[in-house]
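Q: any chance you can model this:
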Amino acid sequence: MLQEISTALVVTDNINAIANLMLDLAVNYTEAEKGSLMLLNERDELTILAGRGVDPLFQKSYRAKIGEGIAGVVALNRTAVLVEDIANEAQFHGMTHDRYKTRSFISCPIVSKNKLLGVLNINDKLDGSPFTEDEFSLVKIIANQSAIALENAMLVNQLRYKAAELEGINRKLIESDMVKTEFITRVSHELRTPLNSIKGSVYYLQQSERLSHHEQLDFYDIISGETDKLTAIVENQLDFLRFEDETMIMNKTVVSLRDLLKEVVASKSLQILLSRKGIAVEVTSADDVPDIVGDRIRVVQFFMNMIEGLSHFLERGDTITVSVSENDQVDVAIRLPRRLPDNILPFLFSSNHLFQSDYPDEKLKLYLARKVVDLHRWDLTTDNAPSGMTVSLAIPKSARQKAKAVLTTTIDMFLEFIAEVLDLNTCSIMLCDEISGDLVIKSARGLDDFLIKQTRVRPGERIAGWVALEGKPLFIDDIETDPRFGRRSIPQYTTKSLISLPLKADDRVIGVLNLNNKRSSAPFTSHDFDIASRLGDRLSYFIERLQADEQREDDYRHLVTSLDSLITAEKRYHKKDPFLPELTAEIVRRLGMSEDVRRDALYASMIYDLGLVLLGDGTLNKKEALLPAERSTLRVHPFTTLGLLDSFEFSEEVKRGILHHHERFDGKGYPDGLAGEDIPLVSRVLAVVDSYCALTSNRPYRSGVRSGEAIKQLEKGAGTFYDPRIVAVLATIINGPRKEEKAPAPVKIKRLRRVSSISHRGSAC
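A: Just a heads-up that it's a prediction; the model follows:
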């Protein structure tokens, strides 16, 4: 078992994969029927990350405070317990255990460096007997090792979140540079005329000795007037830089004020400035203060400018205190130990005479800080008392704003996932404006930034507007010959075919998904349309959940990191040969299943083994035989796949199809040992197609076999590994019907040269 644990510790840094690996080890070694691994969330609630024999709906909705229920008591006491009969345990008296068959269980806290991470629970031995002391010792070892692996994975998760955040900031800085270039161009144009007028007036005053007093006054008036224009231009340009196009400048996300203030105070430039002046900054924040919504870069600028601007008026030894608390809104108070001069406060509210006063740099910083407040529509007030000055900032708490901010961040990630699945260069997501109803582009790939920001489409206009108005999908083979939208194809599109799908919530169109250029420049196929339709349904569900405020406060960060893991997995996913999904869809069609089942099977065949990618190439590409520990590691990949899809996959049929694609027809497969017709149809089809494609592909440890030989091997496994009926259908598709059979209508399946750079150890063969 220690060998298996050591293998599991180094095979992945994905939290979901580690939780399932450790839970599997505990369940298998104790021969238990049920178990769960719970993690502590940011609200100090226990949630179920991985479960065996646990109802999926219960697993998803379960929340327990420390001290509540059996697991909550174990978490509170941080002491592992072995219970042979719960009726005899005083500490659990009155606690229900009705979801379980037996009265015996093991529950162990997962603790790392005196920090509680979660709880590992094992219930219901298969033979109905109580758990033993040896099994208790094994589960405690697994819980301790889980703590190490999970803490490391959490650190990696934080790094990934920060990396994604930094990537967004870098992108923002690039956009900012572009705005600054436009700003400089505009300033140079605006300043040229008044500067030339002033220069000309000065020249005539210097060169003309005989000018009358009245004529001199005229030139002085010109200089004075043009100087006023220059001042107005500079102030207007400052406003332009901050406000002219908020959609280009603002990038609202969910921001942790506690984390942000730590970064601000720790910034080297601020530390150097304050140490030079002998001024200190102290930050206090309540632990339960909710995150806010704002442009992270702008919020950092607010605190930097405010602290730097105010520090100029303090004396050596003074301390600036910044406190954050929660009331009806999030309140930020910046307190100074002394009163500020009365002539300073107006610059927190106005830019008048900004450049015609003492200390213009400090006053400019206060003015720019105020602009950030205005940009976010927050409320800023000041209290300049004899005992000191306080700048108060009131930030509204809005679940809807947070949902919008998270949607802005995650919708880009979702579109990237769609682009990877369908191999696209150009695609976009348009959402309906809440006020006008017009479609605006919220995320895009392969489109010009200017086009993205300027495009507004009314319902009924153009292709996307037609889709939004009619609420029907469009699959156009050739835009130039389509009678509804016949027009020349735009040069930026490499193919004349396109797909446009309505995004719906409660039968109401909320947006449109547009798909254009495939990376291969090939036209879209009917299979592309079917897969895109399923992805569009998931995107609609994802957007609807966010807009309905169903996400909890602590779910937002998890949502971003899980989507990041999903995209990383999809980019590395090796099962992108179109032959596999085509074969899957054709088998389901020949079995006489409905269109919905066929589309579900087609969609599932594109993503069913994504979880394998999280287990690393070392195991997948290993040339020699796998060790038992490595085989155990591979067995959890259906659970890790579902973990990757958790944020948007709503179909229980698809989930079950993915989860059980390694069950055997004779009941000796995993994870649940289902047999025969109890195995979902999609799972049975995937098992056969997956094995066929694995057999005919080259692997690091063997060469692929011919189609005929692969079919023979599958036929040998029919009835034990595979559903005999599905094997027979596959043989008919590959070899053609036997002479005594009536040939079905011909179906064109494009056979492609199959190359696999990464082996698939998880196949049923």
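Q: ok, the closest residue to S269 other than its chain neighbours - contacts?
A: Leaving out its chain neighbours, the residue that sits closest to S269 by Cβ to Cβ, 6 or more residues apart in numbering is M304, at 7.9 Å. All C-beta atoms are positioned from the backbone trio N, CA, C, and that covers glycine. For M304, the contacting residues are V264, S267, S269, L270, by Cβ atoms under 8 Å, 6 or more residues apart in numbering.
Q: what is the helix or strand where the third one lies packed up against?
A: In the assignment (DSSP states H and E), S269 maps to helix 268-277. Under the contact criterion of 3 or more Cβ pairs under 8 Å, 6 or more residues apart in numbering; DSSP states H and E, helix 268-277 touches strand 280-285, helix 296-311.
Q: quick check: phi and psi at E326.
A: Backbone dihedrals for E326, given as degrees, to the nearest 10, come out at phi -120, psi 130.
Q: partners of it in the sheet?
A: V330 (DSSP bridges).
Q: what sits against it?
A: A286, D288, V289, P290, K397.
Q: pull the number of nearby residues for T227.
A: T227: 13 surrounding residues under other Cβ atoms under 10 Å.
Q: one more: P638?
A: Neighbours around P638, by other Cβ under 10 Å: 25.
Q: what do you get for S212?
A: 9.
Q: swap in the one 3 residues further on?
A: E215: 13 surrounding residues under other Cβ under 10 Å.
Q: relative to L515, how far out is the residue nearest to it when sequence neighbours are not counted?
A: In this structure, E215 finds its nearest non-sequential neighbour in S208, 8.0 Å apart by Cβ to Cβ, 6+ apart. Using Cβ to Cβ, to the nearest Å, S208 is found at 71 Å from L515.
Q: now do the contacts for D433.
A: Here D433 is in contact with L439, V440, R456 (criterion: Cβ under 8 Å, 6+ apart).
Q: looking at those, which has the most residues close by?
A: L439 leads the contacts of D433 on contacts (other Cβ under 10 Å) with 27 neighbours.
Q: over to that residue: give its phi and psi.
A: Dihedral angles (degrees, to the nearest 10) for L439: phi -80, psi 130.
Q: what's the answer for N343, then?
A: The phi/psi pair for N343 (degrees, to the nearest 10) is phi -80, psi 0.
Q: what about it, neighbour count?
A: 10.
Q: tell me how far it lies from T132.
A: For N343 relative to T132 (Cβ to Cβ), the value is 80 Å.
Q: what about S526, neighbour count?
A: With other Cβ under 10 Å as criterion, S526 counts 10.
Q: show me the contacts for it.
A: F475.
Q: out of the contacts of E326, which end up buried?
A: V289, K397 (16 or more other Cβ atoms under 10 Å).
Q: of the contacts of E326, which is the nearest to L39?
A: D288 (18.9 Å; Cβ to Cβ).
Q: look up how far E42 lies from the closest one.
A: From D288 to E42 the distance is 9 Å (Cβ to Cβ).
Q: for the stretch 51-200 of the chain, give me the ranges with low pLDDT.
A: 96-98, 164-165, 167-184, 186 (pLDDT under 70).
Q: repeat that with 90
A: 53-64, 67-70, 84-103, 113-114, 145-146, 148-200 (pLDDT under 90).
Q: ranges for the helices of it?
A: 56-61, 69-77, 133-207 (DSSP state H, counting those that start in this stretch).
Q: buried deepest among these, which one?
A: helix 69-77 (a mean of 19; mean count of other Cβ atoms under 10 Å).
Q: what's the first-to-last distance across stretch 56-65?
A: 20 Å (Cα to Cα, to the nearest Å).
Q: contacts only, for L380.
A: Contacts of L380 by Cβ under 8 Å, 6+ apart are L348, R370, V373, V391, S392, L393, A394.
Q: cool, L76 as well?
A: Taking Cβ under 8 Å, 6+ apart, one finds I66, G67 in contact with L76.
Q: ok, 10 Å please
A: Counting by Cβ atoms under 10 Å, 6 or more residues apart in numbering, L76 makes contact with K65, I66, G67, E68, P109, L116.
Q: for E420, same thing?
A: L566, I567, T568, A569, E570, K571, R572, Y573, K576.
Q: ok, back up a step: so which of the contacts of D433 comes closest to I679?
A: The closest of the contacts of D433, once distances to I679 are taken by Cβ to Cβ, is L439, at 43.3 Å.
Q: narrow the contacts of E420 to those in helices?
A: L566, I567, T568, A569, E570, K571, R572 (DSSP state H).
Q: ok, of the residues you listed, which come out buried?
A: In those, the ones that pass as buried (16+ other Cβ under 10 Å) are L566, I567, T568, A569, E570.
Q: now do the buried residues in the helix holding S269.
A: L270, L273, L274, K277.
Q: from those residues, pick the one nearest L580.
A: L270 (55.5 Å).
Q: wait, the closest one sits on Q301?
A: No: look at L270 against Q301 with Cβ atoms under 10 Å: they stay out of range, at 11.9 Å.
Q: okay, now stretch 641-653: how far is its last residue from its first?
A: 15 Å.
Q: ditto for stretch 693-713
A: 12 Å.
Q: same check, this time on stretch 279-290
A: 29 Å.
Q: can you pull the contacts of V421?
A: I531, A532, R534, L535, E570, Y573, K576, Y603, M606, I607, L610.
Q: let's see it at 6 Å
A: M606 (Cβ atoms under 6 Å, 6 or more residues apart in numbering).
Q: where does S521 sit: helix, strand or coil?
A: Look at S521: counting by DSSP: H, G, I helix; E, B strand; the rest coil, its state is coil.
Q: quick check: which element contains R484?
A: Here R484 is assigned to no helix or strand, by DSSP H and E.
Q: which strand or helix spans D482?
A: Applying DSSP H and E, one finds D482 in no helix or strand.
Q: isn't it up against I476?
A: Yes: look at D482 against I476 with Cβ atoms under 6 Å: they come within range, at 5.1 Å.
Q: circling back: got the helices and strands packed on helix 268-277 as JSON lines, with distance to A710 columns?
A: What follows is the helices and strands packed on helix 268-277, written out as JSON lines (distance: least, Cβ to Cβ, whole Å):
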{"stretch": "strand 280-285", "distance to A710": "62"}
{"stretch": "helix 296-311", "distance to A710": "54"}
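Q: in a markdown table: the ones you listed, plus mean pLDDT.
A: Listed next are the helices and strands packed on helix 268-277 as a markdown table, based on pLDDT from 0 to 100:
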| stretch | mean pLDDT |
| --- | --- |
| strand 280-285 | 91 |
| helix 296-311 | 89 |
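Q: most tightly surrounded among those?
A: Taking mean count of other Cβ under 10 Å, helix 296-311 is the most buried of the helices and strands packed on helix 268-277, at a mean of 21.
Q: chain center to that helix, what's the gap?
A: 29 Å (Cα atoms, centre = their mean, to the nearest Å).
Q: just want the angle from that helix to helix 133-207.
A: 60 degrees (axes from the mean of the first three to the mean of the last three Cα atoms, to 10 degrees).
Q: now helix 296-311 - C-alpha only, PDB.
A: Output of helix 296-311 as PDB, limited to C-alpha atoms (Å, rounded to 0.1, in the frame of the first residue of the first chain):
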ATOM      1  CA  ARG A 296      -7.700  44.700 -10.300                       C
ATOM      2  CA  ILE A 297      -5.100  46.900 -11.900                       C
ATOM      3  CA  ARG A 298      -7.100  50.000 -11.200                       C
ATOM      4  CA  VAL A 299      -7.800  49.100  -7.600                       C
ATOM      5  CA  VAL A 300      -4.100  48.600  -7.000                       C
ATOM      6  CA  GLN A 301      -3.600  52.000  -8.600                       C
ATOM      7  CA  PHE A 302      -6.200  53.500  -6.200                       C
ATOM      8  CA  PHE A 303      -4.400  52.400  -3.100                       C
ATOM      9  CA  MET A 304      -0.900  53.200  -4.400                       C
ATOM     10  CA  ASN A 305      -1.900  56.700  -5.500                       C
ATOM     11  CA  MET A 306      -3.900  57.300  -2.400                       C
ATOM     12  CA  ILE A 307      -1.200  56.200   0.000                       C
ATOM     13  CA  GLU A 308       1.600  57.900  -1.900                       C
ATOM     14  CA  GLY A 309      -0.400  61.100  -2.300                       C
ATOM     15  CA  LEU A 310      -1.400  61.300   1.400                       C
ATOM     16  CA  SER A 311       2.000  60.400   2.700                       C
END
